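1. Fold the following, please.
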Amino acid sequence: MSARLRVLYSVEGFTDIRFVAGLSEIADLTMLVARRPYEESGLKARVAAAGLKLRVVEVGGGRLRYQAASLAPLWRLAREADVVLAQEVLRGALNANLVGLARRVPVVTYLGVSPLEYFRCREARGRLGPVRARVGEAAIRTLMTVNGRLATRCLAMGSYLRDVAAAYCPRTAIGLYYGVDTGTFRPAEPAERLELRRRRDLPEDRFLVFLSSRISHEKDPETVLRATALARRRGLDAVLLNLGGGYAEFLALARGMGLGDVDRWVMGRPAAHPVTEVADYFRAADVMALASLAEGAAFSTLEALACGTPVVATAVGGMATELPGYARLVPRRDAEAMAEQLLWVASHGEEARAQALRGRAHVTRAWSREKAFADLLAVLEEVAREGR
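-> Numbers count the residues shown, from 1 in each chain. Here you go, the predicted structure:
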């Protein structure tokens, strides 16, 4: 297409500054957001600090109010767009699809998690009773079915989520979200790793296990904590660091699990800036560990591999699909198996790093930032041409 593509990005919840920045580079971007998560996540401040060229329209209110209040700006803004990009495939996407249908503007939905699997994790953790769980599942299936039929195209992060989405939307393709900036996420030599630890006030001479994840219902921080405790009992002087918005919850969880003197080996810090800071922690770590009950694409594992940092992860969802051969995979909720792999990485450092570097080659080839946005632009331009 000769003119710069006009994209309306409809965001019901949270999105990443790296995706917003990339979109603003490839398109004339307008973003429709829910005001509360836009501010509370820090995205509003990051957009302002980055000086991105885009227009942002904020809609106030909670979930139900946003559902109703977003229709009017969607109707107005869709008229100016070549294509509407809708985050996820549930309530927010329904509004985008209905407006797109009425306005005859193509709509692309973007699946970043497996909604049913993530929802079921709430029940598995006892946060939902059986009646609410069944009602919720029925609502999710209905929304996925309707949005799958209405959407012009559905993009899903990675092959695992592509298969999830394809059951509801036959016009599904793989998307890579914001990809991995392999120039920023790159291996560090031993001397540089030591300097990074000093810069970020991390232990210089202990085995650093990095858990880069928010603490939510689909994650399994308990298994990482138990595995690290087991590895310590077997002689590994390990320290476990969680970086994320729920770090205080993580610390409270560790103190309540009866694992010993956790204040000596468990650390928690607020989420670091994803562009300027977080790569330092991946590059400084000895191993990245992630346990989950369900998982979509697990970008943090790909970022770790891009840094040549060994990864130990649960063989579920997108991690089971994307990481074989590049990471040490363990069964779901198996702290013993995870502890064994942490000990293996500690005692086979060169072999573990070599495996991770093979993972870096895979990430560079299949998940790079450049490929992610080139592929996304190609899809958006294609559906815009079809819409015309």
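
2. host element of the closest residue to G325 other than its chain neighbours?
-> Leaving aside its sequence neighbours, G325 sits nearest to R358 (C-beta to C-beta, 6 or more residues apart in numbering; 7.0 Å). All C-beta spots, glycine's among them, are computed from the backbone N, C-alpha and C. Counting by DSSP states H and E, the element that carries R358 is helix 349-366.

3. Next: A86.
-> Using DSSP H and E, A86 falls in strand 83-87.

4. cool, and E370?
-> Going by DSSP H and E, E370 is in helix 369-387.

5. residue ranges for the strands of the stretch 251-388 of the chain, please.
-> Assigned by DSSP state E, counting those that start in this stretch, the stretch 251-388 of the chain shows strands spanning 266-269, 287-290, 311-314, 328-330.

6. Can you tell me the strand partners of the first one and which way each runs?
-> With DSSP bridges as the criterion, the sheet partners recorded for strand 266-269 are strand 238-243 (parallel).

7. Then the last one?
-> For strand 328-330, the pairing partners within the sheet under DSSP bridges are strand 311-314 (parallel).

8. could you give me the average pLDDT of the partner strand?
-> Per-residue pLDDT over strand 311-314 has a mean of 98.

9. I'd like the numbering to begin with 333 instead of 1 from here.
-> Will do, 333 is the new start, and the previous item becomes strand 643-646.

10. From the contact counts, what lies against whichever helix or strand comes after the strand holding A418?
-> Next helix or strand after strand 415-419 toward the C-terminus (DSSP H and E): helix 423-435. If contacts are counted by 3 or more C-beta pairs under 8 Å, 6 or more residues apart in numbering; DSSP states H and E, helix 423-435 sits against strand 338-343, helix 395-401, helix 403-410, strand 415-419, strand 439-443, helix 462-482.

11. nearest spatial neighbour of L375, skipping sequence neighbours?
-> I349 (6.0 Å).

12. A428 now?
-> Nearest residue to A428 in three dimensions, chain neighbours excluded: A418, at 3.8 Å (C-beta to C-beta, 6+ apart).

13. And that neighbour, how far from T441?
-> Counting by C-beta to C-beta, to the nearest Å, the gap from A418 to T441 is 5 Å.

14. Those two: which has the busier surroundings?
-> T441 (31 against 28; other C-beta atoms under 10 Å).

15. beta partners of the more buried one?
-> Beta-bridge partners for T441, by DSSP bridges, are A418, C486.

16. Tell me the pLDDT of it.
-> 96.

17. what's it in contact with, if anything?
-> A418, E420, V421, A425, A428, N429, N479, A483, R485, C486, L487, C501 (C-beta atoms under 8 Å, 6 or more residues apart in numbering).

18. Using TSV, lay out those residues together with pLDDT.
-> Listed next are the contacts of T441 as TSV, based on pLDDT from 0 to 100:
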residue	pLDDT
A418	95
E420	90
V421	91
A425	93
A428	95
N429	96
N479	95
A483	96
R485	96
C486	96
L487	97
C501	94
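
19. now, which of the residues you listed sits nearest L508?
-> Using C-beta to C-beta, L487 is the member of the contacts of T441 that sits closest to L508, with 8.9 Å.

20. Check which helices and strands the strand holding A418 sits against.
-> Looks like strand 415-419 contacts strand 338-343, helix 423-435, strand 439-443, helix 701-719 (3+ C-beta pairs under 8 Å, 6+ apart).

21. For these, state which one has the densest average packing.
-> Most buried of these, by mean neighbour count (mean count of other C-beta atoms under 10 Å): strand 439-443, with a mean of 28.

22. next helix or strand past that strand?
-> Following strand 439-443 toward the C-terminus (DSSP H and E): helix 447-456.

23. Run through the neighbouring helices and strands of that following helix.
-> helix 462-482.

24. Buried residues in the helix it packs on, which are they?
-> For helix 462-482, the neighbour count (16 or more other C-beta atoms under 10 Å) marks A465, G468, E469, I472, L475, M476, V478, N479, G480, L482 as buried.
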